[in-house]
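J.: next come a sequence and a model predicted from it.
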Amino acid sequence: MAQGQFLMPKTSMPGVAAVVADSDRSFPRHMHDQFGIGLIERGAQKSLSGRGMVEAGAGQLITVNPGEVHDGIPLGEGGRAWRMLYLDINIVRDAIADIGEKDRGSFEFAYPVDARPLAERFNAVFSAVTTKERPGETLDSDETLLMLLAAAMETPAKPDEIAASENIRRAKSSIDDEPSRPFRLADLASEAGMSQFRFLRAFARATGLTPHSYLLQRRVHLARHALASGTPPAEAAFIAGFADQSHLNRFFVRQFGVTPAVYRAALS
(Lines give C-alpha, C1' and ligand atoms only; values in the text may rest on other atoms or scores of the structure.)
Protein backbone atom coordinates (compact mmCIF):
# COMPACT_ATOMS: atom_id res chain seq x y z
CA MET A 1 0.00 0.00 0.00
CA ALA A 2 1.46 3.35 -1.06
CA GLN A 3 1.93 6.11 1.49
CA GLY A 4 -0.82 8.69 1.53
CA GLN A 5 -3.58 6.19 0.85
CA PHE A 6 -6.77 5.55 2.78
CA LEU A 7 -8.76 2.44 1.92
CA MET A 8 -12.09 1.18 3.25
CA PRO A 9 -12.42 -2.58 2.79
CA LYS A 10 -15.96 -3.87 2.77
CA THR A 11 -17.01 -5.56 6.00
CA SER A 12 -19.31 -8.52 6.54
CA MET A 13 -20.58 -7.25 9.90
CA PRO A 14 -23.31 -4.56 9.94
CA GLY A 15 -22.34 -1.56 12.04
CA VAL A 16 -18.60 -2.11 11.59
CA ALA A 17 -16.43 0.01 9.27
CA ALA A 18 -12.79 -0.79 8.44
CA VAL A 19 -10.03 1.62 7.47
CA VAL A 20 -6.52 0.86 6.20
CA ALA A 21 -4.21 3.87 6.07
CA ASP A 22 -0.61 4.84 5.43
CA SER A 23 -0.09 8.56 5.77
CA ASP A 24 1.89 11.42 7.24
CA ARG A 25 -1.31 13.45 7.62
CA SER A 26 -2.03 15.24 10.87
CA PHE A 27 -5.66 15.06 11.95
CA PRO A 28 -7.20 18.03 13.78
CA ARG A 29 -9.24 17.62 16.95
CA HIS A 30 -12.39 15.67 16.23
CA MET A 31 -14.54 12.88 17.64
CA HIS A 32 -16.45 9.81 16.46
CA ASP A 33 -19.90 8.55 17.36
CA GLN A 34 -18.56 4.98 17.32
CA PHE A 35 -15.99 3.01 19.29
CA GLY A 36 -12.66 2.83 17.49
CA ILE A 37 -9.95 0.22 17.95
CA GLY A 38 -6.90 -0.12 15.74
CA LEU A 39 -3.30 -1.18 15.36
CA ILE A 40 -0.25 0.91 14.47
CA GLU A 41 1.62 -1.21 11.94
CA ARG A 42 4.53 1.08 11.07
CA GLY A 43 5.90 4.33 12.45
CA ALA A 44 4.41 6.17 15.41
CA GLN A 45 2.05 8.97 16.32
CA LYS A 46 1.06 11.15 19.24
CA SER A 47 -2.50 12.15 19.97
CA LEU A 48 -4.72 13.93 22.42
CA SER A 49 -7.01 11.56 24.30
CA GLY A 50 -9.47 11.64 27.15
CA ARG A 51 -6.50 10.99 29.43
CA GLY A 52 -4.11 13.59 28.03
CA MET A 53 -1.43 13.33 25.34
CA VAL A 54 -0.31 9.80 24.46
CA GLU A 55 2.12 8.20 21.99
CA ALA A 56 1.68 4.95 20.09
CA GLY A 57 4.20 2.95 18.08
CA ALA A 58 4.24 -0.08 15.82
CA GLY A 59 2.56 -3.11 17.37
CA GLN A 60 0.46 -1.11 19.83
CA LEU A 61 -3.32 -0.92 19.87
CA ILE A 62 -5.05 2.45 19.87
CA THR A 63 -8.61 3.02 21.02
CA VAL A 64 -11.12 5.84 21.12
CA ASN A 65 -14.50 6.07 22.81
CA PRO A 66 -17.62 7.68 21.32
CA GLY A 67 -17.58 11.43 21.88
CA GLU A 68 -13.92 11.45 22.95
CA VAL A 69 -12.09 14.41 21.41
CA HIS A 70 -8.75 13.38 19.90
CA ASP A 71 -6.31 14.20 17.14
CA GLY A 72 -3.44 12.36 15.44
CA ILE A 73 0.06 13.63 14.64
CA PRO A 74 2.82 11.48 13.08
CA LEU A 75 6.13 11.15 14.89
CA GLY A 76 9.33 11.05 12.88
CA GLU A 77 9.84 10.81 9.15
CA GLY A 78 7.68 8.72 6.86
CA GLY A 79 4.37 9.00 8.66
CA ARG A 80 2.73 5.87 10.03
CA ALA A 81 0.58 2.99 8.82
CA TRP A 82 -2.42 1.76 10.76
CA ARG A 83 -5.67 -0.15 10.55
CA MET A 84 -8.86 0.73 12.39
CA LEU A 85 -12.23 -0.79 13.09
CA TYR A 86 -15.11 1.54 13.97
CA LEU A 87 -17.88 -0.22 15.88
CA ASP A 88 -21.41 1.08 16.43
CA ILE A 89 -22.13 1.62 20.12
CA ASN A 90 -24.79 -1.10 20.33
CA ILE A 91 -22.39 -3.74 19.00
CA VAL A 92 -19.89 -3.04 21.77
CA ARG A 93 -22.49 -2.72 24.52
CA ASP A 94 -24.16 -5.98 23.51
CA ALA A 95 -20.80 -7.75 23.45
CA ILE A 96 -19.76 -6.38 26.83
CA ALA A 97 -23.13 -7.36 28.32
CA ASP A 98 -22.59 -10.85 27.01
CA ILE A 99 -19.05 -11.05 28.38
CA GLY A 100 -20.12 -9.78 31.80
CA GLU A 101 -23.40 -11.73 31.79
CA LYS A 102 -25.39 -8.72 32.88
CA ASP A 103 -27.67 -6.09 31.41
CA ARG A 104 -26.26 -3.72 28.83
CA GLY A 105 -24.50 -0.88 30.57
CA SER A 106 -21.93 1.78 29.95
CA PHE A 107 -18.43 0.87 28.81
CA GLU A 108 -15.33 2.64 27.67
CA PHE A 109 -11.89 1.58 26.55
CA ALA A 110 -9.59 2.18 29.49
CA TYR A 111 -6.37 2.68 27.53
CA PRO A 112 -6.06 5.06 24.54
CA VAL A 113 -2.79 3.22 23.83
CA ASP A 114 -2.73 -0.42 24.88
CA ALA A 115 0.77 -1.84 25.14
CA ARG A 116 -0.42 -5.36 25.97
CA PRO A 117 0.17 -8.06 23.31
CA LEU A 118 -3.26 -7.78 21.65
CA ALA A 119 -2.11 -7.29 18.06
CA GLU A 120 -2.76 -10.92 17.14
CA ARG A 121 -6.32 -10.73 18.42
CA PHE A 122 -6.95 -7.47 16.57
CA ASN A 123 -5.59 -8.96 13.35
CA ALA A 124 -7.95 -11.92 13.77
CA VAL A 125 -10.94 -9.61 14.13
CA PHE A 126 -9.90 -7.42 11.21
CA SER A 127 -9.39 -10.43 8.97
CA ALA A 128 -12.73 -11.93 10.01
CA VAL A 129 -14.84 -8.84 9.39
CA THR A 130 -13.16 -7.93 6.09
CA THR A 131 -13.36 -11.45 4.64
CA LYS A 132 -16.52 -12.21 2.73
CA GLU A 133 -18.50 -14.88 4.56
CA ARG A 134 -21.51 -16.83 3.45
CA PRO A 135 -24.76 -14.89 3.85
CA GLY A 136 -25.91 -15.01 7.45
CA GLU A 137 -22.67 -16.61 8.66
CA THR A 138 -20.86 -14.40 11.20
CA LEU A 139 -19.43 -16.94 13.63
CA ASP A 140 -15.80 -16.02 13.02
CA SER A 141 -16.51 -12.29 13.32
CA ASP A 142 -18.58 -12.73 16.48
CA GLU A 143 -16.03 -14.97 18.20
CA THR A 144 -12.95 -12.92 17.44
CA LEU A 145 -14.65 -9.63 18.37
CA LEU A 146 -15.81 -11.01 21.73
CA MET A 147 -12.31 -12.25 22.48
CA LEU A 148 -10.73 -8.91 21.64
CA LEU A 149 -13.25 -6.88 23.66
CA ALA A 150 -12.91 -9.26 26.60
CA ALA A 151 -9.16 -8.66 26.57
CA ALA A 152 -9.58 -4.89 26.24
CA MET A 153 -12.26 -4.59 28.93
CA GLU A 154 -10.80 -3.23 32.13
CA THR A 155 -12.99 -0.81 34.01
CA PRO A 156 -16.58 0.39 33.77
CA ALA A 157 -17.15 3.83 32.37
CA LYS A 158 -16.85 6.85 34.59
CA PRO A 159 -19.88 9.09 34.97
CA ASP A 160 -20.38 11.28 31.92
CA GLU A 161 -17.77 14.00 32.11
CA ILE A 162 -18.58 15.62 28.77
CA ALA A 163 -21.53 17.52 30.21
CA ALA A 164 -20.01 19.02 33.37
CA SER A 165 -23.21 20.81 34.36
CA GLU A 166 -26.92 20.51 33.71
CA ASN A 167 -26.89 23.81 31.81
CA ILE A 168 -24.21 22.68 29.37
CA ARG A 169 -25.88 19.27 29.08
CA ARG A 170 -29.14 20.94 28.07
CA ALA A 171 -27.52 23.02 25.33
CA LYS A 172 -25.45 20.07 24.14
CA SER A 173 -28.59 17.93 23.93
CA SER A 174 -30.22 20.52 21.69
CA ILE A 175 -27.40 20.04 19.19
CA ASP A 176 -27.45 16.25 19.58
CA ASP A 177 -31.20 16.05 19.01
CA GLU A 178 -31.30 18.04 15.78
CA PRO A 179 -27.84 18.88 14.39
CA SER A 180 -29.17 19.68 10.92
CA ARG A 181 -31.03 22.80 12.02
CA PRO A 182 -29.32 26.20 12.24
CA PHE A 183 -28.04 27.32 15.63
CA ARG A 184 -27.01 30.68 17.03
CA LEU A 185 -24.56 31.12 19.89
CA ALA A 186 -26.94 33.55 21.55
CA ASP A 187 -29.75 30.97 21.58
CA LEU A 188 -27.57 28.20 23.00
CA ALA A 189 -26.14 30.52 25.65
CA SER A 190 -29.64 31.63 26.59
CA GLU A 191 -30.74 28.01 26.92
CA ALA A 192 -27.80 27.41 29.26
CA GLY A 193 -28.57 30.58 31.22
CA MET A 194 -25.16 32.10 30.55
CA SER A 195 -23.59 34.99 28.69
CA GLN A 196 -22.29 34.01 25.26
CA PHE A 197 -18.66 34.34 26.30
CA ARG A 198 -19.11 32.33 29.49
CA PHE A 199 -21.08 29.67 27.62
CA LEU A 200 -18.41 29.45 24.90
CA ARG A 201 -15.67 28.85 27.47
CA ALA A 202 -17.76 26.44 29.55
CA PHE A 203 -18.81 24.38 26.52
CA ALA A 204 -15.24 24.13 25.23
CA ARG A 205 -13.99 23.18 28.70
CA ALA A 206 -16.66 20.47 29.05
CA THR A 207 -16.39 18.94 25.56
CA GLY A 208 -12.97 19.92 24.19
CA LEU A 209 -14.64 21.64 21.23
CA THR A 210 -16.34 24.96 20.60
CA PRO A 211 -20.12 24.77 20.03
CA HIS A 212 -19.61 25.28 16.28
CA SER A 213 -16.95 22.58 16.02
CA TYR A 214 -19.15 20.25 18.04
CA LEU A 215 -22.10 20.97 15.73
CA LEU A 216 -19.98 20.17 12.67
CA GLN A 217 -18.96 16.87 14.28
CA ARG A 218 -22.58 15.91 14.82
CA ARG A 219 -23.42 16.87 11.25
CA VAL A 220 -20.59 14.73 9.92
CA HIS A 221 -21.93 11.82 11.98
CA LEU A 222 -25.45 12.40 10.66
CA ALA A 223 -24.12 12.42 7.09
CA ARG A 224 -22.10 9.27 7.78
CA HIS A 225 -25.23 7.40 8.86
CA ALA A 226 -27.06 8.59 5.74
CA LEU A 227 -24.19 7.51 3.48
CA ALA A 228 -24.01 4.10 5.17
CA SER A 229 -27.67 3.54 4.29
CA GLY A 230 -26.97 4.32 0.63
CA THR A 231 -27.94 8.00 0.47
CA PRO A 232 -26.10 9.90 -2.31
CA PRO A 233 -23.49 12.39 -1.01
CA ALA A 234 -25.37 15.49 -2.19
CA GLU A 235 -28.54 14.37 -0.42
CA ALA A 236 -26.58 13.35 2.69
CA ALA A 237 -25.08 16.84 2.82
CA PHE A 238 -28.56 18.37 2.71
CA ILE A 239 -29.95 15.99 5.34
CA ALA A 240 -27.06 16.73 7.70
CA GLY A 241 -27.37 20.50 7.40
CA PHE A 242 -24.25 21.26 5.36
CA ALA A 243 -24.38 24.16 2.94
CA ASP A 244 -23.61 21.89 -0.02
CA GLN A 245 -21.78 18.72 -0.98
CA SER A 246 -18.38 20.43 -1.18
CA HIS A 247 -18.83 21.64 2.39
CA LEU A 248 -19.53 18.07 3.53
CA ASN A 249 -16.61 16.74 1.46
CA ARG A 250 -14.16 19.10 3.12
CA PHE A 251 -15.06 18.10 6.68
CA PHE A 252 -15.61 14.42 5.87
CA VAL A 253 -12.14 14.01 4.30
CA ARG A 254 -10.53 15.84 7.22
CA GLN A 255 -12.06 13.35 9.66
CA PHE A 256 -12.15 10.04 7.78
CA GLY A 257 -9.48 10.46 5.12
CA VAL A 258 -11.86 9.49 2.30
CA THR A 259 -14.62 11.31 0.44
CA PRO A 260 -18.30 10.69 1.20
CA ALA A 261 -18.62 8.93 -2.17
CA VAL A 262 -15.81 6.48 -1.33
CA TYR A 263 -17.30 5.86 2.12
CA ARG A 264 -20.75 5.16 0.64
CA ALA A 265 -19.31 2.81 -1.97
CA ALA A 266 -17.41 0.85 0.67
CA LEU A 267 -20.52 0.22 2.75
CA SER A 268 -23.08 -0.34 0.00
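T.: Received it, and whenever you're ready, just let me know what you need. Numbers count the residues shown, from 1 in each chain.

J.: for the rest of this, base every contact and every neighbour count on C-alpha atoms.
T.: Will do.

J.: do you know how far residue 107 is from residue 166?
T.: Between residue 107 and residue 166 the distance, using C-alpha to C-alpha, to the nearest Å, works out to 22 Å.

J.: who has more neighbours, these two?
T.: Neighbours around residue 107 and residue 166, counted as other C-alpha atoms under 10 Å, are more numerous at residue 107. The numbers are 18 against 10.

J.: which residues touch residue 122?
T.: When contacts are counted by C-alpha atoms under 8 Å, 6 or more residues apart in numbering, residue 122 is found next to 38-39, 148.

J.: secondary structure element for residue 22?
T.: According to DSSP states H and E, residue 22 maps onto strand 16-23.

J.: picking up where we left off before, and the contacts of residue 122, which is closest to residue 78?
T.: residue 39 (17.1 Å; C-alpha to C-alpha).

J.: mind checking the SS state of the closest one?
T.: strand (DSSP: H, G, I helix; E, B strand; the rest coil).

J.: pretty sure it is touching residue 84, no?
T.: Yes - between residue 39 and residue 84 a contact is recorded at 6.6 Å, counting by C-alpha atoms under 8 Å.

J.: circling back: what does the strand holding residue 22 contact?
T.: For strand 16-23, the surrounding residues in contact (C-alpha under 8 Å, 6+ apart) are 1-11, 78-88, 126, 130, 267.

J.: show me which residues of stretch 108-116 are buried.
T.: Neighbour-count burial for stretch 108-116, with 16 or more other C-alpha atoms under 10 Å as criterion, is recorded at 108-114.

J.: ditto for stretch 25-40
T.: For stretch 25-40, the neighbour count (16+ other C-alpha under 10 Å) marks 26-27, 29-40 as buried.

J.: that one: end-to-end distance?
T.: Between the opening and closing residues of stretch 25-40 we find a distance of 14 Å, counting by C-alpha to C-alpha.

J.: distance between that stretch and the chain's centre?
T.: Between the centre of stretch 25-40 and the centre of its host chain there is 5 Å, according to C-alpha atoms, centre = their mean, to the nearest Å.

J.: just to revisit the earlier point, give me the buried entries from the contacts of strand 16-23.
T.: Here, 16+ other C-alpha under 10 Å leaves 6-11, 79-88, 126, 130, 267 buried among the contacts of strand 16-23.

J.: from those, which land in strands?
T.: Per DSSP state E, strands hold the following members of the buried ones among the contacts of strand 16-23: 6-7, 79-87.

J.: great, nothing more from me.
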